[in-house]
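**Q** no sequence for this one, just the structure:
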Ligand SMILES: N[C@H](CCC[C@H](N)C(=O)O)C(=O)O
């Protein structure tokens, strides 16, 4: 059995295993079972902290609730950074991931800032299928999708499609989310966001995450929204992205995206061989 922390970033929740001293390599099926909210721990992503390549503080592996390993996770990066910063006196850590390295530091008020790198906007970067058209004005012809207007796409370590709409409440996320996530135009699938612009520095968004479905928050989506918004001139300066679970602050500094937000440890436990236990906590608070 190996210890884990149940953590969240604005309600986007994770089981975080520190596998730096004792390697932990669960199968896709084991992660799916542990992620089941009825019969398992229940989480949006399973996060493994592993030994890093030279020069980095740690490697973060991200496995979605569907068991698929992916490149990046913004909310989890803040959770992992908090663990790493608590262990050392240095003011900054660097987290390696398949989506690229991320620098992180404490931002005050219990929040963490993460340099999420430079967004990419090209068809091959997202990636999009051959002949998909303009990644910044990606139109869909299916009757359920045509009325959404075009999507603006970005890769911020992972693939995102962003729809700016007059009202996010009017979006039938349960129908259009899966259709878009699995649309053939996205050979690696995609995370799908719907955004209402309140002002050039303030948006409201809902997200259907690749490999999960609707989540309370998505850090990389907030980054993608700010990136495409700046790229198309609809957003400016620091952007507050209001998600169902709360707000993230996204700055663009020298072309790099810096995301700032909270993290929480909810409880701790042990897991292994497909089973888990929850550590006892004081009942009287
Ligand atoms: N579902 C995402 C990974 C987690 C992203 C989200 N939890 C975040 O905070 O960035 C993907 O498949 O790329």
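**A** Structure's in. What do you need? From a predicted model like this one, the values you see are computed outputs, not experimental measurements. Numbers count the residues shown, from 1 in each chain.

**Q** mind listing what's buried in whatever helix or strand residue 208 lives in?
**A** Element membership for residue 208, per DSSP states H and E: strand 202-209. For strand 202-209, the neighbour count (16 or more other Cβ atoms under 10 Å) marks 203-209 as buried. (Glycine included, C-beta is placed from N, CA and C.)

**Q** For that strand, name the packing helices and strands.
**A** Applying 3 or more Cβ pairs under 8 Å, 6 or more residues apart in numbering; DSSP states H and E, we find strand 202-209 packed against helix 173-181, strand 191-199, strand 213-214, helix 219-231, strand 239-243.

**Q** Among those, show me which one is buried the most.
**A** Counting by mean count of other Cβ atoms under 10 Å, helix 219-231 has the highest mean neighbour count of the helices and strands packed on strand 202-209, with a mean of 28.

**Q** That one and the ligand in contact?
**A** Yes - judged by Cβ under 6 Å from any ligand atom, helix 219-231 comes into contact with the ligand at 219-220.

**Q** Please apply the same query to stretch 263-277.
**A** No - figure legend: stretch 263-277 not in contact with the ligand (Cβ under 6 Å from any ligand atom); closest approach 11.1 Å.

**Q** how long is that stretch end to end?
**A** 22 Å (Cα to Cα, to the nearest Å).

**Q** Quick one: mean pLDDT over it.
**A** Mean pLDDT, computed over stretch 263-277, is 94.

**Q** residues of it that come out buried?
**A** The neighbour-count check on stretch 263-277 (16+ other Cβ under 10 Å) flags 263, 269, 271, 276 as buried.

**Q** can you list those residues in TSV and add distance to residue 83?
**A** Output for the buried residues of stretch 263-277, formatted as TSV (distance: Cβ to Cβ, whole Å):
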residue	distance to residue 83
263	9
269	15
271	17
276	19
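
**Q** Among those, which ones are in helices?
**A** In helices, defined here by DSSP state H, there are no members of the buried residues of stretch 263-277.

**Q** out of those, who's nearest the ligand?
**A** Within the buried residues of stretch 263-277, proximity to the ligand (Cβ to the nearest ligand atom) peaks at residue 263, which comes in at 11.1 Å.

**Q** Domain map for the protein?
**A** 2-104+264-278, 143-254 (automatic domain parsing).

**Q** can you tell me how far the residue nearest the centre of the chain sits from residue 185?
**A** Nearest residue to the geometric centre of the chain (Cα atoms, centre = their mean): residue 73, 3.6 Å. Residue 73 sits 23 Å away from residue 185, going by Cβ to Cβ, to the nearest Å.

**Q** same deal with residue 247?
**A** Per Cβ to Cβ, residue 247 is found 30 Å from residue 185.

**Q** So for these two, which residue has more residues nearby?
**A** With neighbours defined as other Cβ atoms under 10 Å, residue 247 and residue 185 compare such that residue 185 has more, 22 against 18.

**Q** residues contacting the residue nearest to residue 23 when sequence neighbours are not counted?
**A** Closest residue to residue 23 apart from its sequence neighbours, by Cβ to Cβ, 6 or more residues apart in numbering: residue 50 at 7.3 Å. By Cβ atoms under 8 Å, 6 or more residues apart in numbering, residue 50 lies in contact with 19-20, 23, 58-61.

**Q** Equivalent analysis for residue 31, please.
**A** Neighbouring residues of residue 31 by Cβ under 8 Å, 6+ apart: 46, 63, 65, 67.

**Q** let's see 6 Å
**A** Residue 31 sits next to 46, 63, 67 when contact means Cβ atoms under 6 Å, 6 or more residues apart in numbering.

**Q** Can you name the residues bridging to residue 209?
**A** residue 213 (DSSP bridges).

**Q** Reformat the domains of the chain as TSV; add distance to residue 113.
**A** Below are these laid out as TSV (distance: least, Cβ to Cβ, whole Å):
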stretch	distance to residue 113
domain 2-104+264-278	7
domain 143-254	8
